[in-house]
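**Student:** Here you go, sequence then predicted model.
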Amino acid sequence: FAVDSIPAIFAVTKDPYIVFFSNIFAILGLRSMFFLLVNVIHKFHYLKVGLAFLLVFIGVKMLAHHWLSLWGFTTMHSLFVILFILTTSIVASLVFPKNVNKE
C-alpha cells in the first residue's frame, strides 16, 4: 500500500478514525479488485496498447500544458480523452478476441 496515502489523508482531515478506517477499507477493496482483475485480465489483450496511448497522452499534456490551456483544453477534456482511450481498448479487446490455437 502507498506510504504517502496516510499524510495525504491527514491533509484532508484530522480525525484519526477516518484516516484509519478509510485506509482499511481501501486495502480490503484493493485485495478484492486484485482477484477480480486476475480472472478477467486475459480478456483485455488490447488494454496494454490503450495504456501505452494513455501514457503518451499524459506526457504530451504535461509538456504542452501551457499551449493547451491557451486553447481552452480543460481537465474535463482530459477526462473524456482518458475515458475514450480506456473504453476503446476494452471494447476492441471484446470485439476482436485473441486467437488461441489449441491443438
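**Tutor:** Thanks, I have it. Not measured: the values here are computed from a predicted model.
**Student:** And the one helix or strand residue 6 maps to, what's buried?
**Tutor:** For residue 6, the enclosing helix or strand under DSSP states H and E is helix 5-12. Within helix 5-12, the residues that qualify as buried by neighbour count (16 or more other CB atoms under 10 Å) are residue 9. Using the backbone N, CA and C atoms, a C-beta is placed for each residue, glycine as well.
**Student:** Buried residues of the next helix or strand after it, list them for me.
**Tutor:** The helix or strand immediately downstream of helix 5-12 is helix 16-40, counting by DSSP H and E. For helix 16-40, the neighbour count (16+ other CB under 10 Å) marks 19, 22 as buried.
**Student:** follow-up on the earlier one: the inter-axis angle of the helix holding residue 6 versus helix 16-40?
**Tutor:** Relative orientation of helix 5-12 versus helix 16-40 (axes from the mean of the first three to the mean of the last three CA atoms, to 10 degrees): 130 degrees.
**Student:** what's next to helix 5-12, contact-wise?
**Tutor:** 18-19, 22-23, 26 (CB atoms under 8 Å, 6 or more residues apart in numbering).
**Student:** So what does residue 13 have for phi and psi?
**Tutor:** When quoted as degrees, to the nearest 10, the phi and psi of residue 13 stand at phi -140, psi 150.
**Student:** Residue 73 now?
**Tutor:** phi -80, psi 110.
**Student:** what's the neighbour count on it?
**Tutor:** 15 (other CB atoms under 10 Å).
**Student:** Send me the lowest-mean-pLDDT helix or strand in the chain as CSV with only the CA atoms.
**Tutor:** Each helix and strand of the chain was given a mean pLDDT (mean pLDDT, DSSP states H and E); the minimum falls on helix 5-12 at a mean of 81. Below are the C-alpha coordinates for helix 5-12, written out as CSV (Å, rounded to 0.1, in the frame of the first residue of the first chain):
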residue,chain,number,x,y,z
SER,A,5,-1.6,7.9,1.5
ILE,A,6,-1.6,8.5,5.2
PRO,A,7,-0.1,12.0,5.1
ALA,A,8,-2.4,12.8,2.1
ILE,A,9,-5.5,11.8,4.2
PHE,A,10,-4.3,13.8,7.2
ALA,A,11,-4.1,16.8,4.8
VAL,A,12,-7.9,16.4,4.2
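**Student:** Thank you kindly, that will do.
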